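Visitor: Have a look; sequence and predicted model below, questions after that.
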Amino acid sequence: MSRYLKEFTGAMALYLGLLVASLILLVHFAEASPWVRVPLALMPIIPCGLMCWVVVREMRRIDELQLRIQFEALGFAFAATALSTFSYGFLQNVGLPQISWLMIWPLMGAMWILGLMIARRRYR
């Protein structure tokens with residue numbers, strides 16, 4: 001397993017652990033003041049920052065072709081996520097239910113993977 005995958009997997013595992021802990025603690029401290037609940041709710045953000053750092057470090061390590069592929073994939077992910085979220089926002093005007101903002105990152109991640117598949121195919 002590459003160094004990047006080890007680091008990313010570790011950050012993701014930490015994220016999942018802190019997410020579960022955060023949700024459990026929020027139930028336990030349901031009646032506590034916001035000064036207690038806000039830090040508990042934000043606990044999963046710490047490993048998210050770590051994941052960002054891991055991704056940026058990997059981008060600095062890869063060669064120019066791989067960097068170009070990543071750049072194209074991220075550009076696609078940015079545009080596709082914007083188009084998807086705007087479209088769904090307009091569809092809410094005709095009665096579709098609101099969705100959580102927490103769904104945006106998984107959508108962007110999926111679009112990044114799709115963009116990678118397209119860009120890698122292009123440079124084959």
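Guide: Great, that's in hand.
Visitor: Helix, strand or coil: sort out S22 for me.
Guide: Assigned by DSSP: H, G, I helix; E, B strand; the rest coil, the conformation of S22 is helix.
Visitor: Spit out the contact partners of it.
Guide: L40, A41, L42, M43, P44 (C-beta atoms under 8 Å, 6 or more residues apart in numbering). Every residue, glycine included, has its C-beta placed from N, CA and C.
Visitor: tell me the pLDDT at it?
Guide: What the model reports as pLDDT for S22 is 97.
Visitor: Give me the nearest residue to it, chain neighbours excluded.
Guide: M43 (4.3 Å; C-beta to C-beta, 6 or more residues apart in numbering).
Visitor: again, but for I113
Guide: A73 (7.9 Å).
Visitor: wait, the one you found sits on A110?
Guide: No - when contacts are counted by C-beta atoms under 8 Å, A73 is not listed as touching A110 (11.5 Å).
Visitor: what about those two, which has more around it?
Guide: A73 (20 against 14; other C-beta atoms under 10 Å).
Visitor: The more buried one is in what secondary structure piece?
Guide: helix 64-92 (DSSP states H and E).
Visitor: domain ranges for the protein?
Guide: Using automatic domain parsing, the domain ranges for the chain come out as 1-61, 63-124.
Visitor: picking up where we left off before, buried ones in the helix holding A73?
Guide: I69, Q70, E72, A73, L74, F76, A77, A80, T81, S84, T85 (16 or more other C-beta atoms under 10 Å).
Visitor: and if you look at stretch 106-113?
Guide: Neighbour-count burial for stretch 106-113 [16+ other C-beta under 10 Å]: L107, M108, M111, W112.
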